[in-house]
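my questions are about this predicted structure, shown below with the sequence.
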Amino acid sequence: MPKNMEEEKKKICIVGAGAIGTALANVLAHNSNLEVILYSIEEQVVDSINQRQYNQKYFPNTKLTWRLKASGDVNVLSESSVIFLAIPSSVMLDFVIESKHLFAPDAILVNMAKGLSKDVHFTIAESIQANVSQRVATLKGPTFARDLIDKMPTAFTLGSVHEELFPLFKEIVADTNVYLDFSTDLRGVELLSTMKNIYAIATGIIDAQFDSPNLRFMFLTKAFNEMRSILIHFGGAKKTIFKYCGYGDFGLTALNDLSRNRTLGLLIGKGFFSENISNMVLEGKNAVNIFSGILSQDENLTEKFVIINELQKVLTQPNYDIPSFVHHILNDD
Ligand SMILES: NC(=O)c1ccc[n+]([C@@H]2O[C@H](COP(=O)([O-])OP(=O)(O)OC[C@H]3O[C@@H](n4cnc5c(N)ncnc54)[C@H](O)[C@@H]3O)[C@@H](O)[C@H]2O)c1
């Protein structure tokens, strides 16, 4: 048993018993050095986990380990030393602010949501950190929940400015199917995990229209370069793009049909949306709005980040001519 876990089991709480929260909780619960509790606001989900070892809503066909317990009582947060937050980005900050009186002073909060914050701090992890005294980290990977719960080797980047936390996370995932790389570039990890959704939508549009390997990888190269420029522009470190949260998550999201954002792109490219796309809520789409809103304040930047700029037009202009999307992007220089 690792040294600093000898005295007692480390208490882990995962907030949100949806797809990624349940998958991670089930994987970590296999580590006998941990006591893992899944907190959910969905009563039926809690009951189905505790009474039948299934999450009937999100994984109805997967038996969960008996070690995993669920709770609908938010007070479980106060007993937890590491709290993974696996709820949508749109509700994250409100949840943290409402619950922060429950967090132990030395608890560690780990943001798993992929999205941007509406406040000045820009990324969700930075917004959380601005509201709590506890140390904050982010966990972002090329990770489909289905593969994770099926025990496929699965990678995440653990990002935190608190480098001293990295050994603890190594211990938490020890002997599981989770592999970590680490970064002190909290902002960069957060930015990349949001941007990849944007470029997955754009890749979907192009693949729906052409299904051409030549064009796909020409576009992916341009997209990767644009992501890198945006990362640097917003204060992330260049090298973070080669972590699992960068190159890895970009590839997973842009090229797999399980990805909701790529699927949105495929549907746009096939012409399923003509007018009502502006009503659709999706993290990738929100990210396009936020990034392009900031970049559009400077004309030089709009020209530099041509894919994001063009995608914003697709998502907001009802009569945008989708077949000309590629043409506009490729004639950028
Ligand atoms: N870090 C990663 O590698 C990774 C991988 C996949 C998904 N994600 C992100 O994790 C988040 C959750 O994704 P998902 O696919 O599990 O979603 P999901 O819809 O399957 O689950 C969302 C969960 O959040 C809970 N929830 C919703 N509103 C809440 C609130 N106000 N208070 C408390 N709980 C609330 C729901 O009950 C549900 O349990 C998203 O932001 C997604 O982008 C991260």
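Yep, it's here.

who are the neighbours in contact with the residue of the stretch 201-333 of the chain found nearest the ligand?
Relative to the ligand, the nearest point of the stretch 201-333 of the chain is E283 (5.5 Å; Cβ to the nearest ligand atom). All C-beta spots, glycine's among them, are computed from the backbone N, C-alpha and C. Listed by Cβ atoms under 8 Å, 6 or more residues apart in numbering, the contact set of E283 reads P88, S89, A113, K114, G115, T194, N197, N261.

please redo it, this time with the cut-off set to 6 Å
S89, K114, G115, N197 (Cβ atoms under 6 Å, 6 or more residues apart in numbering).

please tell me how far the third one sits from I232.
Right, the one you point to is G115. 21 Å (Cβ to Cβ, to the nearest Å).

now do the helices in the stretch 201-333 of the chain.
Ranges of helices in the stretch 201-333 of the chain, per DSSP state H, counting those that start in this stretch, are 213-233, 249-255, 260-269, 283-295, 299-304, 306-316, 325-330.

got the buried residues for the fourth one?
Pointing back at helix 283-295 there. E283, G284, K285, N286, A287, V288, I290, F291, S292, L295 (16 or more other Cβ atoms under 10 Å).

what mean pLDDT does it have?
Across helix 283-295, the average pLDDT comes to 83.

keeping just the C-alphas, turn it into CSV.
The C-alpha coordinates for helix 283-295 follow below in CSV (Å, rounded to 0.1, in the frame of the first residue of the first chain):
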residue,chain,number,x,y,z
GLU,A,283,-20.6,23.0,-25.2
GLY,A,284,-18.7,23.2,-28.5
LYS,A,285,-21.2,25.7,-29.9
ASN,A,286,-21.0,27.9,-26.8
ALA,A,287,-17.2,27.8,-27.1
VAL,A,288,-17.4,29.1,-30.7
ASN,A,289,-19.5,32.0,-29.5
ILE,A,290,-17.2,32.9,-26.6
PHE,A,291,-13.9,32.6,-28.5
SER,A,292,-15.1,34.3,-31.6
GLY,A,293,-16.8,37.1,-29.6
ILE,A,294,-13.4,37.9,-28.1
LEU,A,295,-11.4,37.5,-31.3
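
report the distance from the host helix or strand of L28 to the chain centre.
Using DSSP states H and E, L28 falls within helix 19-29. Counting by Cα atoms, centre = their mean, to the nearest Å, helix 19-29 is centred 15 Å from the centre of its parent chain.

ok, the closest residue to I268 other than its chain neighbours to F103 distance?
Take I268 and drop its neighbours on the chain: the residue closest to it by Cβ to Cβ, 6 or more residues apart in numbering is I205, 5.2 Å away. Distance from I205 to F103, counting by Cβ to Cβ: 42 Å.

the more surrounded of those two?
Shown here are I205 and F103; by other Cβ atoms under 10 Å, I205 has more neighbours (25 against 19).

which residues does the more buried one contact?
I205 neighbours (Cβ under 6 Å, 6+ apart): G265, I268, G269, F325.

could you count how many residues lie near the third one?
By that I understand G269. 25.

does T194 touch A287 like I think?
Yes - applying Cβ atoms under 6 Å as the test, T194 and A287 come out as touching, 4.8 Å apart.

shared neighbours of the two, anything?
L116.

the strands in the stretch 1-150 of the chain, which residues?
With DSSP state E, counting those that start in this stretch, the ranges of strands along the stretch 1-150 of the chain come out as 10-15, 34-39, 69-71, 82-85, 108-111, 135-140.

separation between F156 and Q44?
For F156 relative to Q44 (Cβ to Cβ), the value is 29 Å.

so between the two, which is more surrounded?
When F156 and Q44 are compared for neighbours, F156 comes out ahead with 29 against 12, by other Cβ under 10 Å.
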